[in-house]
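[1] pasting the sequence and the predicted model now:
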Amino acid sequence: MYNEYPNVPPGDLFLKKEVFGLRDGVLALKDASLGGGIEQQGPEEFEYSARRKIARCINRRRFLLECIEEHVLPRSTPKQLTNSEKPFSESARAYLEDSCEVLSNKISELLSEIKGIPLPNNLSSELKRESDEQRENLNRKLTLLCENSRWKTVGRSDIITNLSSKQLTDTEKEALSLGLKFDTGYDKTSFTEYVTRNYKWKDNDVDKGFAQGVIACYKALANTQYHSIPKRYMKVLNELGRNKELVITQADKGGGIIILDKSDYENKMMELLSDGTTYEEKHHSYAEEKTRKFTSRARQILIKTKKGKELLHLLEENPCIPRMRGLPKIHKPGIPMRPITSGIGSAPHRLAKRLAKPLSNALGSISQAHLKNSTDLINRLNNVDFKGKEMASFDVKALFTSVPKEGAMEAVKEAVDKITGRYIGNIRDWQWAPHSVP
């Protein structure tokens, strides 16, 4: 196709084939080049010709924009742009954007030529019929391109376990097969959240105005960002997210995706919480009372030392109650839930996060029983004589909730006394009062 017109830019070539390739013989157009004019015509014929070309240009540009959103390439795209390892490369996007710009310029040029002469009813009807026919034809092409897209082979369908009553469509399966951690690209709110979360502005008009300007620039930048997955995938993912009857979550092991009916999920969580030896029902104000006591006592401890005062800003001003969710254990009979508690935004979260860093670096120096990963286990077993021995694996139920808090605090204090400053920095200078903290 491109050897036929080697000197014609890609966007103009689209015009050559799609806009000027008239089939019904109503108008006589010169085929020598795009710069060629139209044979002698009357005012109505000229108006009809210009509007006809504008409609075809608009339909074609809309088609190319939808191709960009759906991450597909028309069949007329050069082969070198379809051989990329990515399902939709930046070069392919740039090529389609250039073609859209050429079409936009052509539309502007044609709009400046029309005179606004009313067309007879038969010509207006014919113009609408042709435009609708072309739009339907391009929609069919787009559907076929999506059905044969390289995105269909990107994900892993074997990670999806559907335990719900909903039958997933092929598009939903393809979108979910990308995984829960697949980057979908920037959204319009992430820039604003980033600014407000990471920068503290002074409460004056100058800083407020500067912050508003930064946020406005970020929003403008976000409007230029495309999603990193096709629009059809974003659509079905949003629809699944709005479905209040479903719960889509991560599996406890293996990183799989589990889809459950919300009623089944709630029943399994209530079954988990019904274990009276692990969980205890409290009054709804219990968490607020504990939060106030913790914040008050932590402040009293921190203000006693200079280093402690430097950590006062880590205390949450408006803390929230920790939340719990469950991860299905699909490798176990009955698919029980593994409880996961999120303390983000809670009273001790930021302070505990800071204190956990030096303690995490000290892992392995406190006890030789600590294993970093499976590779560490294999390396240790290489020097073990297994003759006459058997290996056993034990699963501890509700391990963390079964650990006595007082004993854990004493163990941490004892470990801190033994660790060198190389691991924990200045933490040894802080005042510890484990029995005083509620």
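    Received, thanks. Numbers count the residues shown, from 1 in each chain.
[2] okay, which residue is most central for the protein?
    With distances taken as C-alpha atoms, centre = their mean, Thr184 lies nearest the centre of the chain, 3.7 Å away.
[3] what's the neighbour count on Asn382?
    7 (other C-beta atoms under 10 Å). C-betas here are computed from N, CA, C, even on glycine.
[4] Pro328 too?
    By other C-beta under 10 Å, the residues close to Pro328 number 25.
[5] so what's it up against?
    For Pro328, the contact set (C-beta atoms under 8 Å, 6 or more residues apart in numbering) comprises 163, 249, 251-252, 258, 260, 268, 335-338.
[6] can you rerun that using 7 Å?
    Listed by C-beta atoms under 7 Å, 6 or more residues apart in numbering, the contact set of Pro328 reads 249, 251-252, 258, 260, 335, 337.
[7] look up how far Ala411 lies from the residue nearest to the centre of the chain.
    43 Å (C-beta to C-beta, to the nearest Å).
[8] can you check Lys268 too?
    Applying C-beta to C-beta, the value for Lys268 to Ala411 is 33 Å.
[9] out of those two, which sits in the busier spot?
    Lys268 (19 against 15).
[10] which of the helices and strands in this protein ranks last by mean pLDDT?
    The weakest-scoring helix or strand in the chain, judged by mean pLDDT, DSSP states H and E, is helix 10-14 (a mean of 39).
[11] just the buried positions in whichever helix or strand Glu136 is part of, please.
    Per DSSP states H and E: Glu136 is located in helix 121-147. For helix 121-147, a neighbour-count test (16 or more other C-beta atoms under 10 Å) marks 123, 126-127, 130-131, 134-135, 138, 142, 145-146 as buried.
[12] for these, which one is nearest Leu377?
    For the buried residues of helix 121-147, the closest approach to Leu377 (C-beta to C-beta) belongs to Cys146, at 46.0 Å.
[13] that closest one contacts His71, correct?
    No: the criterion here is C-beta atoms under 7 Å, and Cys146 misses it with His71 at 8.9 Å.
[14] show me where pLDDT drops low in the stretch 1-150 of the chain?
    1-41 (pLDDT under 70).
[15] now with 90?
    1-49, 75-91, 112-124 (pLDDT under 90).
[16] ranges for the helices of it?
    Applying DSSP state H, counting those that start in this stretch to the stretch 1-150 of the chain gives helices spanning 10-14, 43-70, 90-111, 121-147.
[17] spit out the contact partners of Thr291.
    Here Thr291 is in contact with 319, 347 (C-beta under 7 Å, 6+ apart).
[18] ignore the last one, Leu260
    Contact criterion C-beta under 7 Å, 6+ apart gives 163-164, 247, 328 as the residues in contact with Leu260.
[19] tell me which element it falls in.
    With DSSP H and E as the test, Leu260 turns up in strand 257-261.
[20] what helices or strands is the following helix or strand past that strand leaning on?
    Following strand 257-261 in sequence order, the next helix or strand is helix 262-273 (DSSP H and E). Packing partners of helix 262-273 (3 or more C-beta pairs under 7 Å, 6 or more residues apart in numbering; DSSP states H and E): strand 246-250, strand 323-328, strand 337-342.
[21] for the helix or strand encompassing Leu359, name the packing helices and strands.
    Element membership of Leu359, judged by DSSP H and E, is helix 349-361. In terms of contacts (3+ C-beta pairs under 7 Å, 6+ apart), helix 349-361 is packed against helix 421-424.
[22] the same query, at a cut-off of 10 Å, please.
    In terms of contacts (3 or more C-beta pairs under 10 Å, 6 or more residues apart in numbering; DSSP states H and E), helix 349-361 is packed against helix 286-302, helix 405-418, helix 421-424.
[23] dump these to TSV, plus mean pLDDT.
    Conversion of those to TSV gives the following (pLDDT from 0 to 100):
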stretch	mean pLDDT
helix 286-302	91
helix 405-418	78
helix 421-424	44
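[24] how about those in CSV, adding distance to Gly42?
    Listed next are the helices and strands packed on helix 349-361 as CSV, based on distance: least, C-beta to C-beta, whole Å:
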stretch, distance to Gly42
helix 286-302, 82
helix 405-418, 92
helix 421-424, 90
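[25] closest to Ala347 out of those helices?
    helix 286-302 (4.5 Å).
[26] and the closest one, how far from the chain's centre?
    Helix 286-302 sits 36 Å away from the centroid of its parent chain (C-alpha atoms, centre = their mean, to the nearest Å).
[27] just stretch 228-239 next, same as before
    Taking mean C-alpha positions (C-alpha atoms, centre = their mean), stretch 228-239 and its chain are 10 Å apart.
[28] cool, stretch 122-130 as well?
    In this view, stretch 122-130 has its centroid 44 Å away from the chain centroid, taken as C-alpha atoms, centre = their mean.
[29] distance of Ile301 relative to Ala362?
    The value you get for Ile301 to Ala362, if C-beta to C-beta is used, is 21 Å.
[30] ignore what I typed, I meant Leu355.
    Here Leu355 is placed at a distance of 12 Å from Ala362 (C-beta to C-beta).
[31] wait, Lys262 sits on Thr249?
    No: using C-beta atoms under 10 Å, Lys262 is not in contact with Thr249, being 11.1 Å away.
[32] which residues sit against stretch 266-281?
    Stretch 266-281 is contacted by residues 247, 260-261, 286, 324-326, 328-329, 334-339, 397-398, 401-402 when judged by C-beta atoms under 10 Å, 6 or more residues apart in numbering.
[33] switch to 7 Å and redo it
    Stretch 266-281 is contacted by residues 326, 336-337, 339, 398, 401 when judged by C-beta under 7 Å, 6+ apart.
[34] and the helices of the stretch 1-150 of the chain: which comes nearest Asn238?
    Distance to Asn238, taken as C-beta to C-beta, is lowest for helix 43-70 among the helices of the stretch 1-150 of the chain, at 14.1 Å.
[35] so which bits of the strand holding Leu260 are buried?
    If you call a residue buried by 16+ other C-beta under 10 Å, then strand 257-261 has these buried ones: 257-260.
[36] can you check stretch 313-329 too?
    Going by neighbour count (16+ other C-beta under 10 Å), the buried part of stretch 313-329 is 314-316, 319, 322, 326-329.
[37] what about that stretch, distance to the chain center?
    Taking mean C-alpha positions (C-alpha atoms, centre = their mean), stretch 313-329 and its chain are 22 Å apart.
[38] so what secondary structure elements neighbour the helix holding Glu136?
    By 3+ C-beta pairs under 7 Å, 6+ apart, helix 121-147 packs against helix 43-70.
[39] run the last query once more with 10 Å
    Helices and strands touching helix 121-147, as assessed by 3+ C-beta pairs under 10 Å, 6+ apart, comprise helix 43-70, helix 170-176.
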